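Visitor: build me a model:
(one chain, ligands or ions: 2)
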Amino acid sequence: MILAFESSCDETAMALVDAHGKVLLNCCLSQIELHNRYGGVVPELASRSHFEILDELTQRLQKAEADKVFDRSQIQSVAATMGPGLIGPLLVGSNFARGIASAWSKDFRGVHHLRGHLASVLLDPQLDEKYPGLTLVEKAQKIFPAIVLLVSGGHCLLMLVTPQLEARILKTTSDDAAGECFDKCAKLMGLPYPGGPSIQKEALLCTSESEKSLAREWAAQLPRPKSEEGFSFAGLKTAFRLLMEKDPRGKANRPALCKALEETIADSLLKVIKSADDSFEDIENFICCGGVAANLHLREKLQKWSDGKDLNFHTVPFSYATDNAAMIAVAAWVQASNLNEQQVFTRGHLE
Ligand code: KG4
Ligand code: ZN
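Guide: Numbering: from 1, shown residues only. Ligands and ions are numbered 1, 2, ... in the order given. Here you go, the predicted structure:
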């Protein structure tokens, strides 16, 4: 088993995952309430809060050990996210993990946060149905090499990824990430953080023909990126604000506004993916991961496109799409074992 910690932003998470991907313990405590009143994450408050929550997680770990969920001797390594993220929270979480590794005489494995998102797709129970009995390393060999769309609050990347989770970046964003666009537009509409789930919930209320036609009209007015330049969402956010300001129908039709935005973001992502068509030669697998991969409309759209291209589409189970520690444990199992902590930090390494 690997015991892992994730603390790169405002979630303090701990998980215990075995070599086959069975999740024996999975705790994720969010600080959203603490930061909500400031309109964003306050790094210093986050660091202190991680520190306090780790105390609670230690108690849960002790209880799990007492309840025989695991035996200390079964733990091979302790892993933690080393970056990218907020430096204070990262230091609190990773030093805590290092402390446990040292006290229990286990080796310590640093994990790149994005590699955690890449590994999260290996937690899909459908893989066990399709390939029973495989270890995580063997499962990784089944679904990688793959082209991966990683869409989260901080990143928007199209990558070619190997079974050891080495990645070459094909397309990136020139400004905001897709999740950031969801979050900022939600704020403009007065919807709560995180914006993605709030917008999805509201968009699902856009059901009548008249609302759907309004959503189509608005979606047609919103801009898409010029595909050859990669992803871009800052212009969309501004255009969305201007649309809200100039069209008086927006106030009474929030579900249609949300639907138009959700569709435009999914369209924009797909437009850039299509522009990287050449990279799909000899590739059988297409993967979507990261917090925004929880979006139902995006999943449907990517599945349909993959079916048309004869690609196997894999995505992350909903419960592991946003930040969690199980994905960090899985990455620690699967990533090239010769990684040292220095390498985990370098940009070149993820490429
Ligand atoms: O991966 P994640 O937890 O954190 C980062 O590493 O950034 O992703 C968080 C992002 C937020 O921007 C959130 O609004 C977005 O994922 N998100 C969604 C959905 N669930 C979370 N976006 C669209 N639809 C969702 N259902
Ligand atoms: Zn993340």
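
Visitor: okay, which residue is most central for the chain?
Guide: Note on the chain: the residue nearest the mean C-alpha position is G290, at 2.0 Å, using Cα atoms, centre = their mean.

Visitor: pop out the phi and psi values for that one.
Guide: Dihedral pair for G290: phi 100, psi 160, per degrees, to the nearest 10.

Visitor: look up how far L61 lies from the closest residue to it other than its chain neighbours.
Guide: Nearest residue to G290 in three dimensions, chain neighbours excluded: S152, at 3.6 Å (Cβ to Cβ, 6 or more residues apart in numbering). Yep, even glycine has a C-beta here, placed from its N, CA and C like the rest. Plainly put, S152 is 27 Å away from L61 if you go by Cβ to Cβ, to the nearest Å.

Visitor: do I have it right that the residue nearest to the centre of the chain meets L158?
Guide: No: judged on Cβ atoms under 8 Å, G290 makes no contact with L158 at a distance of 11.7 Å.

Visitor: which neighbours do these two have in common?
Guide: L149, L150 (Cβ atoms under 8 Å, 6 or more residues apart in numbering).

Visitor: ok, back up a step: contacts only, for the residue nearest to G290.
Guide: Neighbours of S152 in contact, by Cβ under 8 Å, 6+ apart: H117, A177, G179, G290, G291, V292.

Visitor: surely D18 is in contact with A4?
Guide: No: under the contact definition of Cβ under 8 Å, D18 does not touch A4, with a separation of 12.0 Å.

Visitor: got the residues of the stretch 51-200 of the chain near ligand 1?
Guide: S152, G153, G154, G179, F182, D183, P194, G195, G196, P197, Q200 (Cβ under 6 Å from any ligand atom).

Visitor: go again using 8 Å as the cut-off
Guide: 85, 113, 117, 151-155, 177-180, 182-183, 186, 193-200 (Cβ under 8 Å from any ligand atom).

Visitor: and the strands in the stretch 151-300 of the chain, which stretches?
Guide: Using DSSP state E, counting those that start in this stretch, the strands of the stretch 151-300 of the chain run over 156-161, 167-171, 285-289.

Visitor: tabulate those strands in TSV, adding columns for distance to L242 and mean neighbour count.
Guide: Below are the strands of the stretch 151-300 of the chain laid out as TSV (distance: least, Cβ to Cβ, whole Å; neighbours: other Cβ atoms under 10 Å):
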stretch	distance to L242	mean neighbour count
strand 156-161	22	23
strand 167-171	27	17
strand 285-289	30	24
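
Visitor: let's have the ones you listed in JSON lines, adding distance to G99.
Guide: Output for the strands of the stretch 151-300 of the chain, formatted as JSON lines (distance: least, Cβ to Cβ, whole Å):
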{"stretch": "strand 156-161", "distance to G99": "32"}
{"stretch": "strand 167-171", "distance to G99": "30"}
{"stretch": "strand 285-289", "distance to G99": "30"}
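
Visitor: do you know which of these lies nearest K212?
Guide: Closest approach to K212 among the strands of the stretch 151-300 of the chain (Cβ to Cβ): strand 285-289, 24.9 Å.

Visitor: any weak-confidence spans in this protein?
Guide: 337-351 (pLDDT under 70).

Visitor: per-domain residue ranges of this structure.
Guide: Following the assignment in automatic domain parsing, the chain carries domains at 2-124+319-350, 145-315.

Visitor: check which residues of stretch 138-145 are buried.
Guide: K139, A140, Q141, K142, I143, F144, P145 (16 or more other Cβ atoms under 10 Å).

Visitor: likewise for stretch 119-129?
Guide: Within stretch 119-129, the residues scored as buried using 16+ other Cβ under 10 Å are A119, S120, V121, L122, L123, D124, L127.

Visitor: which of those lies closest to V334?
Guide: Nearest to V334, judged by Cβ to Cβ, of the buried residues of stretch 119-129 is A119 at 5.5 Å.

Visitor: let me know the secondary structure of the closest one.
Guide: Per DSSP: H, G, I helix; E, B strand; the rest coil, the local secondary structure of A119 is helix.

Visitor: contact partners for it?
Guide: Contacts of A119 (Cβ under 8 Å, 6+ apart): L136, A140, L165, M327, I328, V330, A331, W333, V334, Q335.
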